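*Asks:* okay, sequence plus prediction incoming.
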Amino acid sequence: MPKYLLIHENDDFFTEEKLKELSKKEAPEEFKWKKTYCNFENNKFFCLWEAPSSEALKQLFKKVNVPPWDAIYPVQTFNPKKSKIE
C-alpha cells in the first residue's frame, strides 16, 4: 500500500491527549495511521499513513475533525539493516 507523510503545523490542536484520543478512533480499513513524529515545542507533526491514494487521504481528513495538513508527500521507507527500499 502506498505511504504518505502528512505535515501539520498547528498552534494548539495537537497535544499528547488529542493524539491519544485520535488514536482510539477507527479509520476505514484501507487507511492505516502508522506513527506520528511530534515536536510540541515548534508545533510540527509528521504523520506516516498508508492509504490507497493521497486524494483518498485528503477526503478522509475532510470527514473527521482534524485540522488541514500543510503538505502531503508520497514516501518510501528505506531499511538500513536490509539496505533496501521497502
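*Replies:* Arrived safely, thanks for sending.

*Asks:* show the subsequent helix or strand relative to the longest helix seen in the chain.
*Replies:* Longest helix in the chain, counting residues (DSSP state H): helix 54-63. For helix 54-63, the succeeding helix or strand toward the C-terminus, using DSSP states H and E, is strand 71-75.

*Asks:* from the chain's centre, how far out does the helix or strand just after that following strand sit?
*Replies:* Following strand 71-75 in sequence order, the next helix or strand is strand 78-79 (DSSP H and E). The chain centre lies 19 Å from the centre of strand 78-79; the measure is CA atoms, centre = their mean, to the nearest Å.

*Asks:* and strand 78-79, what other elements does it pack with?
*Replies:* When contacts are defined as 3 or more CB pairs under 8 Å, 6 or more residues apart in numbering; DSSP states H and E, strand 78-79 packs onto strand 84-85. Where you see a C-beta, it was placed from the backbone N, CA and C, and this is true even at glycine.

*Asks:* how far does the strand it packs on sit from the chain's center?
*Replies:* Worked out by CA atoms, centre = their mean, strand 84-85 lies 21 Å from the chain centre.
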